[in-house]
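Asks: Quick one, structure for this:
(chains A and B)
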There are 2 protein chains.
Amino acid sequence: MDTDSVVDAGALLKRVQRIFEQSGMCFRDALLIADSLVAADTRGVHSHGVLRVPDYVAKLTREGVNPAGSPRVARQRAAILVVDGDNAMGQIACDFAMREALDRAAQFGISAAAVRGSNHCGALFYYAMRALTRNMIGVAATNALPTMAPWGGRDKILGINPLAVAIPALDEPPIVFDAAFSVSSHGKIRVYHQKGVPVPSGWAFDEGGQPTTNAARALSGLLQPIGEFKGTGLAIIMGMLSSLLSGAAFGTELGNMVDGPVPGRDGQFVMAIDVSAFEDVDRFRSRVDGIIRQIRACAPAPGFERCYAPGELEHEIAGRHRRQGVPLSAATLAGLDGCESALGLR
Amino acid sequence: MDTDSVVDAGALLKRVQRIFEQSGMCFRDALLIADSLVAADTRGVHSHGVLRVPDYVAKLTREGVNPAGSPRVARQRAAILVVDGDNAMGQIACDFAMREALDRAAQFGISAAAVRGSNHCGALFYYAMRALTRNMIGVAATNALPTMAPWGGRDKILGINPLAVAIPALDEPPIVFDAAFSVSSHGKIRVYHQKGVPVPSGWAFDEGGQPTTNAARALSGLLQPIGEFKGTGLAIIMGMLSSLLSGAAFGTELGNMVDGPVPGRDGQFVMAIDVSAFEDVDRFRSRVDGIIRQIRACAPAPGFERCYAPGELEHEIAGRHRRQGVPLSAATLAGLDGCESALGLR
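Replies: A predicted model of the protein is given here:
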């Protein structure tokens, strides 16, 4: 079994940044992509952390993603822009898009950017949270490779197309929602499969569209959406916002889970909403605090210790990991070692 | 048991409009609110149809909602506005807000309006769909009386705070998503309770936070969210957008299911996104068509006949009901009769 090692977040950032520089990225872009991955591990979202590094290095050095891709504004009107990511990693394109959106939201009260020419962008909370220091609400969504069927179907044509929303609080940690519209993820089912144990019921359908707890059949089958048609409806909406507004690929146009995505065809959608355009900022933020405290004071249901506001648990974890170090599995650390060896860094 | 009668949609509209005029509303507002309810029945969304008329008449004539309320822009900056609904019905406030947002989106590419001083606004698809004829994407959300607990809790402090999104297609019916973040609704559980049958598992918790299929315990208990913390997270986000940006009441501030809402304290959020700011409109709309056709062509899972795009089934139902009449239950028709008698209309 994997044994967790604990590593310092700052040291991890520098280590991963060097790997990406050695993969052909400039200092600043390498730092950004490393920061997005380490931020995920720090918040306990290891599925989008540095375990992705070997995949990303492969994309950048062999699979056609441009390590020197430089996003640009391809189209704009007032509070709206389309960003062409120039086949950079999604982190580079989404960061560019969100910075543009934040500046325009300060002027117009709201702004949205649709991204094309992009690739995998890591965890979405990273872009949504950019809005917080400017007293704005941040929103980010992405298209994803298809792993679901529309509700009532059995063809794998729909991604789990996640959504992140960050809302600033005052003294409390911010509201940070970041979730896909499937019950579980493909990655979690892979873990069950490796361990040789069945997946919980409600997670997956087999290839024929029947519910299954068999991990192998789940992997070749379909992820189950949350809330039946509600989850697939939300995934369709987020996919359309992320792909069709910018001209990026949607669902099956992007590729499949076996062959992977076509480089430079992915799309995202980011939005910033300036609280000060609507409301006194302190009043808004202290009302957010009030709701967070009401949630925290909620009597727990049987089997639970307490309730958490969206992102509160991840905020606590991040504080602990920043102080005590980030736990990483032996496999994840071996992945970093392998990249460093292959790139001549050790 | 209730037997359905079939009534002509146009005749129903006039009948309901007269009831609202007699309740103190001007011709135009009475027509608008009648249209929002009849539109819901026409699309088969009877929970938000004319069965609400007696409730609404009570609000307008006895419970403190202002039948002559006149919404106004309370605050604005470029693409953003706050609407004070002046304690009108939510339909009047949301229609005003959406019209303003559509005009501003034509100028800025995107616009959002937060509504306060509002009341129950009926089905949200009605506002989101306003965007369609202008080749825009429409979004609407509302705060609701608390019927859920945050995930892991058992205090009834969170509404099911629904979201609607409408996206224009070309030759296909538009994408229309409209759903709350609970698995079922309070109204559906009331129907099971009246029939004396248990509710499906997964719909409700009892007052202690334990899953229950007992309809009476479900009614005094809690609705279950879709996707556990994902559903409650989305409800918290939609509630914050609908309440905190405008200064409206959130959750328990609005009231409870026993005593009802405080008049004029409810809030909503609407947004319009102009497709033409991002992309060639015909290309966008024909790509939406392509996705709808891909969904329709999806092989069905066991127990299903076919897949539907969001809103497609309701579009088919609406076509049928416009041609053949809208089915209404005897109880709903008796409610209209009762209002007419009480208002001296018969």
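
Asks: Skipping adjacent residues, who's closest to A:Ala74 in space?
Replies: Leaving out its chain neighbours, the residue that sits closest to A:Ala74 by CB to CB, 6 or more residues apart in numbering or on different chains is A:Asp84, at 4.1 Å. No exception for glycine: its C-beta is placed from N, CA and C like everyone else's.

Asks: what's the longest helix in chain A?
Replies: Ranked by residue count under DSSP state H, the longest helix found in chain A is helix A:90-108.

Asks: From chain B, how far out is the residue lying closest to A:Ser23 once chain neighbours are set aside?
Replies: Distance criterion CB to CB, 6+ apart; nearest residue to A:Ser23, sequence neighbours excluded, is A:Leu60 at 4.3 Å. According to CB to the nearest CB, to the nearest Å, A:Leu60 and chain B sit 28 Å apart.

Asks: all helices of the stretch 51-200 of chain A, in order?
Replies: Taking DSSP state H, counting those that start in this stretch as the test, the helices found in the stretch 51-200 of chain A are A:53-61, A:90-108, A:125-128, A:186-195.

Asks: Tell me if the second one is near chain B.
Replies: Spelled out, that is helix A:90-108. Yes. For helix A:90-108, a contact with chain B is found by CB under 8 Å from any CB of the partner chain, at A:107-108.

Asks: chain center to that helix, what's the gap?
Replies: 16 Å (CA atoms, centre = their mean, to the nearest Å).

Asks: just the last one next, same as before
Replies: Between the mean C-alpha location of helix A:186-195 and the chain-wide mean there is a distance of 19 Å, by CA atoms, centre = their mean.

Asks: three-state assignment of the closest residue to A:Ile226 other than its chain neighbours?
Replies: Spatial nearest neighbour of A:Ile226, excluding adjacent residues (CB to CB, 6+ apart): B:Gly227 at 2.8 Å. With DSSP: H, G, I helix; E, B strand; the rest coil as the basis, B:Gly227 sits in coil.

Asks: Surely B:Gly227 touches A:Ser184?
Replies: No. At 10.2 Å, B:Gly227 does not count as touching A:Ser184 under the criterion of CB atoms under 8 Å.

Asks: List the residue ranges of the stretch 1-150 of chain A that fall below the pLDDT cut-off.
Replies: Applying pLDDT under 70 to the stretch 1-150 of chain A flags the ranges A:1-3.

Asks: please redo it, this time with the cut-off set to 90
Replies: Scanning the stretch 1-150 of chain A for pLDDT under 90 picks out the ranges A:1-4.

Asks: Quick check: residues of it near chain B?
Replies: Within the stretch 1-150 of chain A, the positions adjacent to chain B are A:75, A:77-80, A:82, A:107-112, A:114, A:137, A:149-150 by CB under 8 Å from any CB.

Asks: Of B:Gly227 and A:Ser184, which one has the most company?
Replies: B:Gly227 (24 against 19; other CB atoms under 10 Å in any protein chain shown).

Asks: Who are the packing partners of the longest helix of chain A?
Replies: Judged by 3 or more CB pairs under 8 Å, 6 or more residues apart in numbering or on different chains; DSSP states H and E, helix A:90-108 is in contact with helix A:27-42, strand A:80-84, strand A:110-118, helix A:125-128, strand A:136-142, strand A:266-274.

Asks: CSV for those, including mean neighbour count and distance to B:Gly290?
Replies: Output for the helices and strands packed on helix A:90-108, formatted as CSV (neighbours: other CB atoms under 10 Å in any protein chain shown; distance: least, CB to CB, whole Å):
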stretch, mean neighbour count, distance to B:Gly290
helix A:27-42, 22, 32
strand A:80-84, 26, 20
strand A:110-118, 29, 17
helix A:125-128, 29, 28
strand A:136-142, 29, 20
strand A:266-274, 30, 15
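
Asks: Dump those into a markdown table; add distance to B:Ala277 as well.
Replies: Shown next, in a markdown table, are these (distance: least, CB to CB, whole Å):
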| stretch | distance to B:Ala277 |
| --- | --- |
| helix A:27-42 | 27 |
| strand A:80-84 | 4 |
| strand A:110-118 | 9 |
| helix A:125-128 | 20 |
| strand A:136-142 | 17 |
| strand A:266-274 | 13 |
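
Asks: quick one, domains of chain A?
Replies: Following automatic domain parsing, one finds the domains of chain A at A:1-63+A:327-346, A:69-182+A:225-297.

Asks: What separates the first and last residues of the longest one, distance-wise?
Replies: What it means is domain A:69-182+A:225-297. Domain A:69-182+A:225-297 has an end-to-end distance of 48 Å (CA to CA, to the nearest Å).

Asks: next one: that domain to chain centre, how far?
Replies: Going by CA atoms, centre = their mean, the spacing between the C-alpha centre of domain A:69-182+A:225-297 and its chain's C-alpha centre is 9 Å.

Asks: Same check on the first one?
Replies: Put simply, domain A:1-63+A:327-346 sits 16 Å off its chain's centre (CA atoms, centre = their mean).

Asks: which residue is nearest the centroid of chain A?
Replies: The centre of chain A sits closest to A:Ala123, judged by CA atoms, centre = their mean, with a distance of 2.0 Å.

Asks: wait, that residue sits on A:Ala40?
Replies: Yes. Applying CB under 8 Å, one finds A:Ala123 in contact with A:Ala40, separated by 4.4 Å.

Asks: Which residues are in contact with each of the two?
Replies: A:His48 (CB atoms under 8 Å, 6 or more residues apart in numbering or on different chains).

Asks: Quick check: beta-bridge partners of A:Leu81?
Replies: Beta-bridge partners for A:Leu81, by DSSP bridges, are A:Gln76, A:Ala113.

Asks: wait, doesn't A:Cys121 sit right on A:Asn143?
Replies: No. A:Cys121 is beyond contact range of A:Asn143, at 9.9 Å (criterion: CB under 8 Å).

Asks: Of these two, which one has the most company?
Replies: Ranked by neighbour count (other CB under 10 Å), A:Cys121 and A:Asn143 place A:Asn143 first, with 32 against 29.

Asks: can you tell me how far that one sits from chain B?
Replies: A:Asn143 is 11 Å from chain B, by CB to the nearest CB.

Asks: intersection of neighbour lists for A:Cys121 and A:Asn143?
Replies: With CB under 8 Å, 6+ apart, A:Cys121 and A:Asn143 have common neighbours A:266, A:268.

Asks: ok now do the residue nearest to A:Ile226, which residues does it touch?
Replies: Shown in contact with B:Gly227 (CB under 8 Å, 6+ apart): A:179, A:181, A:183, A:226-227, A:231.

Asks: re the thing from before, to B:Ala97, which of the helices of the stretch 51-200 of chain A lies closest?
Replies: Taking CB to CB, helix A:90-108 is the member of those nearest to B:Ala97, at 17.3 Å.

Asks: Give the buried residues for the closest one.
Replies: By 16 or more other CB atoms under 10 Å in any protein chain shown, the buried positions in helix A:90-108 come out as A:90-98, A:100-102, A:104-108.

Asks: Please apply the same query to stretch A:228-237.
Replies: Under the neighbour-count criterion of 16+ other CB under 10 Å, stretch A:228-237 has A:229-237 buried.

Asks: CA atoms only for that stretch - export them in PDB, please.
Replies: Extracted C-alpha coordinates of stretch A:228-237, given in PDB (Å, rounded to 0.1, in the frame of the first residue of the first chain):
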ATOM      1  CA  GLU A 228     -30.700  11.900 -12.200                       C
ATOM      2  CA  PHE A 229     -31.700  14.400 -15.000                       C
ATOM      3  CA  LYS A 230     -30.800  17.400 -12.800                       C
ATOM      4  CA  GLY A 231     -27.100  16.400 -12.700                       C
ATOM      5  CA  THR A 232     -26.900  15.600 -16.400                       C
ATOM      6  CA  GLY A 233     -28.800  18.900 -17.200                       C
ATOM      7  CA  LEU A 234     -26.300  20.900 -15.200                       C
ATOM      8  CA  ALA A 235     -23.400  19.100 -16.900                       C
ATOM      9  CA  ILE A 236     -25.000  19.900 -20.300                       C
ATOM     10  CA  ILE A 237     -25.300  23.600 -19.300                       C
END
